[in-house]
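Enquirer: Fold the following and give me the result.
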Amino acid sequence: MSSSGLDGSSVIVTGAGAGIGRAAALRFAGEGARVVVADLDADRAAAVVAEISAAGGTAVAAVGDLSGQPVVDRVVATAVDTFGGVDVLVNNAGIMDGMTALADVTDAEWERVIRINLTAPFLLSRAVLPHMLAKGSGAIVNTASEASLRGSAAGAAYTASKHGVVGLTKSLAVMYRDAGIRTNAIAPGGTRTSIALQPGEGTGPAVLAPYMVNLGRVAEADEQAAAIVFLASPAASNINGVVVPVDNGWSAV
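Expert: Residues are numbered from 1 along each chain as shown. Got it, this is the predicted structure:
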């Protein structure tokens, strides 16, 4: 039996086909949780489900673009119909921008980054709340970023989206703490994942380069996943509204 208290819980992890999301899905499954592996890529989601199943865990895939309400509804329905509810939501799916400075950001870049990085977590959180409220408990963990703590770790769209994730995290924490629902976030520093810059780089990289020198050691995805699982677990029962930098001290420099 799991020592984390997550055994038997129903967990949704978005962006779970690769990187931090995959590592989190594997960790939750290893703790005995039943995992909805939500990802845009069907093959990657299926591969993670197969990996969890081969290790003796329980998982199911849910595929689609989480910036759309119908997909969000389907993901949540998958957790409710298959596992009986939603105990944990991990809003991890996200994309980078082109490190683009504001004057060079196109409407398309802005809208896509905000939609995926901020609107999708809003839609998913709103969709799971009735289920958590009915049960009187739940945990939401958002993946913010070093860019949510400063203005020098990404372009304008990405930075704004991740600052928005922090605001969403804190608002949820305050509004629903008396209902037994906790919301926290991690702020990863440099991490070895498959996330890539979007095309169309502007002036951002040249401007930001002098501020990136204190990045430090690049983390493995599982190091971020460990923090996510802790924040979702009963071990973090009195931690609410917190943004935890997982960055080897980059934010302390």
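
Enquirer: any idea which element Arg126 lies in?
Expert: Per DSSP states H and E: Arg126 is located in helix 120-135.

Enquirer: what's next to that helix, contact-wise?
Expert: 12, 14, 66-67, 69, 72-73, 75-76, 79-80, 85-87, 89, 91, 93, 138, 140, 142, 165, 168, 172, 176, 179-181, 183 (CB atoms under 8 Å, 6 or more residues apart in numbering). C-beta: built from backbone N, CA, C; applies to glycine.

Enquirer: ok, and the closest non-adjacent residue to Tyr158?
Expert: With sequence-adjacent residues excluded and distances taken as CB to CB, 6 or more residues apart in numbering, Tyr158 is closest to Asp97, at 4.2 Å.

Enquirer: Which of the three states applies to that neighbour?
Expert: What DSSP: H, G, I helix; E, B strand; the rest coil gives for Asp97 is coil.

Enquirer: I'd assumed Glu111 was in contact with it.
Expert: No - taking contacts as CB atoms under 8 Å, Asp97 lies outside contact range of Glu111: 11.3 Å.

Enquirer: More neighbours: which of the two?
Expert: Asp97 (27 against 14; other CB atoms under 10 Å).

Enquirer: I'd like the distance between Ala221 and Ile186.
Expert: Shown here: Ala221 relative to Ile186, a distance of 12 Å by CB to CB, to the nearest Å.

Enquirer: what about the helix or strand hosting Ile52, distance to the chain center?
Expert: Using DSSP H and E, Ile52 falls within helix 42-54. Centroid separation for helix 42-54 versus its chain: 18 Å, with CA atoms, centre = their mean, to the nearest Å.

Enquirer: I'd like the average pLDDT over that helix.
Expert: Averaging pLDDT along helix 42-54 gives 98.

Enquirer: In CSV, list the C-alpha atoms belonging to it.
Expert: The C-alpha coordinates for helix 42-54 follow below in CSV (Å, rounded to 0.1, in the frame of the first residue of the first chain):
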residue,chain,number,x,y,z
ALA,A,42,-2.9,10.0,-28.8
ASP,A,43,0.2,7.9,-29.4
ARG,A,44,2.0,9.4,-26.5
ALA,A,45,-0.9,9.1,-24.2
ALA,A,46,-1.4,5.5,-25.1
ALA,A,47,2.3,4.8,-24.5
VAL,A,48,2.1,6.2,-21.0
VAL,A,49,-1.0,4.2,-20.2
ALA,A,50,0.8,1.1,-21.4
GLU,A,51,3.8,1.9,-19.3
ILE,A,52,1.7,2.3,-16.2
SER,A,53,-0.3,-0.8,-16.9
ALA,A,54,2.9,-2.8,-17.4
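
Enquirer: Tell me how many other residues crowd the nearest residue to Ala179 once chain neighbours are set aside.
Expert: Nearest residue to Ala179, sequence neighbours excluded (CB to CB, 6+ apart): Leu133, at 5.6 Å. Neighbour count for Leu133, taken as other CB under 10 Å: 14.

Enquirer: again, but for Phe28
Expert: Neighbour number of Phe28 under other CB under 10 Å is 31.

Enquirer: sec struct for it, please.
Expert: helix.

Enquirer: That one and Ser10 touch, don't they?
Expert: No - contact criterion CB under 8 Å: Phe28 and Ser10 do not qualify, at 10.0 Å.

Enquirer: Overlap of the contact sets of the two?
Expert: Joint contacts of Phe28 and Ser10 (CB under 8 Å, 6+ apart) are Val88.
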